[in-house]
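Peer 1: Could you work out the structure for the sequence below:
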Amino acid sequence: MKKIRSNEEWAGLVNEQRLSGKSVAAFCREKAIHPNLFYRKKQLSGSTGTFVKVPTITGDRRAVEIKSGDLVIRLEMPFADAELVRVLRCIREAENAVIS
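Peer 2: This next block holds a predicted model:
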């Protein structure tokens, strides 16, 4: 049976795996999580283990704006999932660079 987890639960699992020192494969086996799903959730998590909330697209919206601090990124519709993942990675890397 599929288990539905909230963003907070996923963030906790991502953080738990990081702190455990175990490989993703070993951690996922232990927790009965498919590794591909874990990697997808991990990619969407930021360095702090929190998830970026992306608004649901409804109606006649033509773009999505993602805000992180003073940074605003606008993605014109339509866009591929892979494009969104790349944008989120760039945001995470930029935030890590500022922290370092």
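Peer 1: Give me the domain ranges for the protein.
Peer 2: 7-44, 63-99 (automatic domain parsing).
Peer 1: Give me the mean pLDDT for the last one.
Peer 2: Looking back up the chat, that one is domain 63-99. On average, the pLDDT along domain 63-99 is 77.
Peer 1: Same check on stretch 32-52?
Peer 2: In the prediction, stretch 32-52 has an average pLDDT of 69.
Peer 1: Show me which positions of stretch 5-20 end up buried.
Peer 2: Trp10, Ala11, Leu13, Val14, Gln17 (16 or more other Cβ atoms under 10 Å). C-beta coordinates here come from the backbone N, C-alpha and C atoms, glycine included.
Peer 1: ok, so of these, who is nearest Phe27?
Peer 2: Phe27 lies nearest to Gln17 out of the buried residues of stretch 5-20, by Cβ to Cβ, at 4.4 Å.
Peer 1: I'd like the next helix or strand past the helix or strand containing the closest one.
Peer 2: Here Gln17, judged by DSSP states H and E, is contained in helix 7-20. In the C-terminal direction, the helix or strand that comes right after helix 7-20 (DSSP H and E) is helix 24-31.
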